[in-house]
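**Q** Predicted structure and sequence below. I'll ask about it afterward.
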Amino acid sequence: MTIFEAYQHTKKTLAAAGIEEYVTEAKHILRHVTGMTNMQILTRYNEQLSPFAQNNLTAILRQREIHYPLQYILGEWWFYGYPFAVGPGVLAPRADTECVVEKCLDFLKGKEAPRVLDLCAGSGCIGIAIAKECPQAEVLLVEKYPEAMRYSAQNIEKNGAENARALAGDVMEKTAADQCFDLIVSNPPYVAAGEKEIMSPETAFEPETAFFGGEDGLDFYRAILAGYAGSLAPGGMLIFEVGAKQSAAVTDLMREAGFSDIGTKEDLNGIKRAVFATSK
């Protein structure tokens, strides 16, 4: 089987399995099994796959046919230009979340030695991306679950984010709320209890604790606003990632908590994915 034949076979298999992004995923998979860049694949498409690469490809496709997450299969996923180790027990980074990082970095521009708190940090993708892009910042990542905490600590080391630190803790117990921060950011669990049946098949393999935020999906926003609003320095920013239809509800919660200058930022799909406000 040539590289070109492998690519066509991969696309066909993924499409038949109902994988929406089958073209993009096929490219990811071919890069992984060949160890080549996109350009190398284009210029060497008539080369034969090695027996090892063919076996690896077969194993990957079998896993994707049952919708096991590609991020878990590859063991690594890129987010905001940085590689993150991922696997069972941690939510895989999503491109939608990059707009949250962009807003954080816009806010931090020109600030000297800002302190940043990333709540419900998971893999650490938000906090670590901020730490790498803003090396003058001190970034604290708080994560409750040991399985996810293992990845956040690993990813700090993987990316050489010396200005980031992982801390085991629970936002419901106000971990680190006694400290003062210039920026507090969180991508908390925000799926409503009744929405489980409409989630993608891949999410069945990811930890439920990373998805569900109570009956209406807003429990963590309420808890963070109640427990951490007072942890912001004057003029500091609080920024949340929210679900596709939650920006209005979270805006109302922030207003009720005393914030007035509330804004939103859209992701690449035009969805209001980030809700933010600065403290008085």
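**A** Here it is on my side, so go on. Numbers count the residues shown, from 1 in each chain.
**Q** Please count neighbours and contacts with C-alpha atoms only from this point.
**A** Noted.
**Q** For the stretch 151-280 of the chain, which segments are assigned as helices?
**A** Using DSSP state H, counting those that start in this stretch, the helices assigned to the stretch 151-280 of the chain run over residues 219-228, 247-256.
**Q** can I get these in JSON lines with mean neighbour count?
**A** Below are the helices of the stretch 151-280 of the chain laid out as JSON lines (neighbours: other C-alpha atoms under 10 Å):
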{"stretch": "helix 219-228", "mean neighbour count": "18"}
{"stretch": "helix 247-256", "mean neighbour count": "17"}
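**Q** among these, which is nearest Leu42?
**A** Each of the helices of the stretch 151-280 of the chain has some distance to Leu42 by C-alpha to C-alpha; the shortest is helix 247-256, at 42.3 Å.
**Q** quick one: the closest one to helix 219-228, angle?
**A** 20 degrees (axes from the mean of the first three to the mean of the last three C-alpha atoms, to 10 degrees).
**Q** Show me what helix 247-256 is packed up against.
**A** helix 219-228, strand 262-266, strand 272-278 (3 or more C-alpha pairs under 8 Å, 6 or more residues apart in numbering; DSSP states H and E).
**Q** Which strands and helices lie in contact with the first one?
**A** Put plainly, it is helix 219-228. Short answer (3+ C-alpha pairs under 8 Å, 6+ apart): helix 219-228 packs on helix 247-256.
**Q** which of the residues in the helix or strand bottoming out on mean pLDDT in the chain are buried?
**A** Across the helices and strands of the chain, mean pLDDT, DSSP states H and E gives its lowest value to helix 38-43, namely a mean of 92. Across helix 38-43, burial judged by 16 or more other C-alpha atoms under 10 Å covers Ile41.
**Q** And for stretch 265-280?
**A** So, applying 16+ other C-alpha under 10 Å, buried residues of stretch 265-280: 265, 267, 271-279.
**Q** Strands along the chain, start to end?
**A** All strands of the chain, identified by DSSP state E, fall at 76-79, 82-85, 115-119, 138-143, 164-168, 181-186, 232-241, 262-266, 272-278.
**Q** any idea how far Gln136 is from the spatially most central residue of the chain?
**A** Closest to where the C-alpha atoms of the chain average out (C-alpha atoms, centre = their mean) is Pro93, at 2.9 Å. Per C-alpha to C-alpha, to the nearest Å, Pro93 is found 24 Å from Gln136.
**Q** That's all I had, so thanks and see you.
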